[in-house]
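Engineer: okay, predicted coordinates and the sequence, questions at the end:
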Amino acid sequence: MTLEPVHLHKISELAERIDKSFEFDDSKTTVDIFSLLEELKIGGKVILKAVDRLFRGILRTELMAQGEDPYPVTYACDSGSTNPKTYDSGLFVDFCHCGLAATPTDLDIQRCRTIVCAAYSSSQKISMRATSGWEAFDEGFGRAKLVTIAPDELKRKAPDMVHSFAMYLAESEHLLFMKDRLEPDSFFIMDGPIYPKQLMYWMVLDDDEVRIRQNPDARKILQNYIDVMDHFLEKKSPVIGFVKNPTDMQIMDSVREKKEAFDLPWLLDAQFFKNLLSPDKAGRASGNGHKGWNSNKGNNGKNSYYNGPRSAYITYTNWFLQPNRFYEKMINGTSPLAAGDMIQQKLRHRFSPEDYALCFFMLYVPSKDVVFKVEAPYGLIKDDFLRMQISKKVLFDLSLHGFPLTLTKADHLAKIRKVERQEIDKFFENMRPDITYNDTRWSKFNEI
């Protein structure tokens, strides 16, 4: 043990000074901020608005789990990555492996895989042979591709871009590869956001050091995600992005920019929603609409969910439409169609641009003390019945399992483990991994 009792005692004194400074328990402030989200405007432009009406909902997990699954056949997509690897030759490379899981289990669906290797070197002398098409393997159940980023396209952000190319291309191509094999009337879950946010940001930003907007594979990725949404919009089949760790700041930034007459202690949107959706933090405000909780009440008119264990209930918000200012202040829109003008003109889409705009609702699961974000395109959410069914399905899965079961299965299916990443390193016979002291110091504590 490196910390003796005397050290921990001093740390506790320092922590106490911070802890006692944060006794923010003004439920009225939280609710007042929430009321702004009915239609939040900055400079005359709608940043966020409620779909239908503004509310906070609460449900009993036991009752929901006893109900009927609105979509018994569920698919989930996830991708595993080696994470960007660097070698002493200056090469940056990432392998991404994407698969679908199904509930009930479908072994043929789960056998299908898409592998993308993305590579970058700043040397003009190195010529990596990118594949022109897909190379089939495993009797046609799998396919693989090598894509490259040209030396003049990157002067920084190489690990991020290599990872984005591998992950987003593998995911979008696998979705298009599998879309016609999915059962009708099924439910589809994407791991994380429904759109390639980081790539969209750099496609819009005119930066001399990150010039990927000219890369054909980057453009192909944007088109792929539009094509994916076209498939689900055309069939009116539900698709969501389940964001496990939301880190967006757009709402709090916009509220802060309005300079309302109250203090705003949160930087992240998720921090605000966690306070809003925690009954013990936000208070039990009475009344209807956004100031109260939508729930079934007992004969005494008081909500009984709070009296049980934290696993007894889940809270959630209404759906929101987020049409503008998606990624910080660089993208004036929330779909791949918000890319730069020259790129936008070349993107094909079957539906109105508004139908691709991002919608979401937030969930708080007290048993885990975490907030989740659920995304979907407006073209699906504007349908009242479909919006209700999507919400019900998500709440049903969380009530039954605490987390979407099929997404957990997809994570296990796609994950590339440490021993496998080490094996991949051995395939590069002419190069040694570019390791740091911390790699050797902490490697024994990493997962197996």
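Structural biologist: The structure has been received and is ready for your questions. Numbering: from 1, shown residues only.
Engineer: the lengthiest strand in the chain pairs with which strands, parallel or anti?
Structural biologist: Secondary structure of the chain per DSSP state E: the longest strand is strand 92-103. Applying DSSP bridges to the sheet, strand 92-103 is found paired with strand 74-81 (antiparallel), strand 85-86 (antiparallel), strand 113-120 (antiparallel).
Engineer: what residues does the second one touch?
Structural biologist: Under the criterion C-beta atoms under 8 Å, 6 or more residues apart in numbering, residues 92-94, 159, 421, 424-425, 433-434 lie in contact with strand 85-86. (Glycine included, C-beta is placed from N, CA and C.)
Engineer: and with 7 Å instead?
Structural biologist: Strand 85-86 is contacted by residues 92-94, 433-434 when judged by C-beta atoms under 7 Å, 6 or more residues apart in numbering.
Engineer: touching, Y378 and C359? I think so.
Structural biologist: Yes - counting by C-beta atoms under 7 Å, Y378 touches C359, with 5.1 Å between them.
Engineer: next, show the common contact partners of those two.
Structural biologist: Joint contacts of Y378 and C359 (C-beta under 7 Å, 6+ apart) are L321.
Engineer: using JSON lines, lay out the strands paired with strand 92-103 together with mean pLDDT, mean neighbour count and distance to L268.
Structural biologist: Below are these laid out as JSON lines (pLDDT from 0 to 100; neighbours: other C-beta atoms under 10 Å; distance: least, C-beta to C-beta, whole Å):
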{"stretch": "strand 74-81", "mean pLDDT": "96", "mean neighbour count": "25", "distance to L268": "24"}
{"stretch": "strand 85-86", "mean pLDDT": "89", "mean neighbour count": "20", "distance to L268": "30"}
{"stretch": "strand 113-120", "mean pLDDT": "96", "mean neighbour count": "24", "distance to L268": "29"}
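Engineer: which of these sits closest to T406?
Structural biologist: T406 lies closest to strand 74-81 among the strands paired with strand 92-103, at 4.0 Å (C-beta to C-beta).
Engineer: just how off-centre is that closest one within its chain?
Structural biologist: Taking C-alpha atoms, centre = their mean, to the nearest Å, one finds strand 74-81 lying 12 Å from the centre of the chain it belongs to.
Engineer: and stretch 397-411, which residues are buried?
Structural biologist: By 16 or more other C-beta atoms under 10 Å, the buried positions in stretch 397-411 come out as 397-400, 402-411.
Engineer: residues in contact with that stretch?
Structural biologist: 61, 64-65, 74-78, 99-103, 189, 191, 242, 314, 363, 365, 367-368.
Engineer: span of that stretch from start to end?
Structural biologist: 16 Å (C-alpha to C-alpha, to the nearest Å).
Engineer: same check on stretch 325-336?
Structural biologist: End-to-end for stretch 325-336, by C-alpha to C-alpha: 13 Å.
Engineer: and what of stretch 34-44?
Structural biologist: One end of stretch 34-44 to the other measures 19 Å (C-alpha to C-alpha).
Engineer: on that earlier part again, rebuild the strands paired with strand 92-103 as CSV, extending it with distance to E260.
Structural biologist: Listed next are the strands paired with strand 92-103 as CSV, based on distance: least, C-beta to C-beta, whole Å:
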stretch, distance to E260
strand 74-81, 40
strand 85-86, 46
strand 113-120, 44
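Engineer: so which of those comes closest to T334?
Structural biologist: strand 74-81 (20.4 Å).
Engineer: contacts for the closest one, please.
Structural biologist: 94-98, 100-103, 163, 166-167, 170-171, 174-175, 182, 186-191, 404, 406-407, 409-411, 413-416.
Engineer: just checking, which of those residues belong to helices?
Structural biologist: 163, 166-167, 170-171, 174-175, 406-407, 409-411, 413-414 (DSSP state H).
Engineer: tell me where the stretch 151-300 of the chain has helices.
Structural biologist: Using DSSP state H, counting those that start in this stretch, the helices of the stretch 151-300 of the chain run over 158-178, 197-204, 216-235, 250-258, 269-277, 279-282.
Engineer: can you check what angle separates the first one from strand 74-81?
Structural biologist: What that stands for is helix 158-178. 150 degrees (axes from the mean of the first three to the mean of the last three C-alpha atoms, to 10 degrees).
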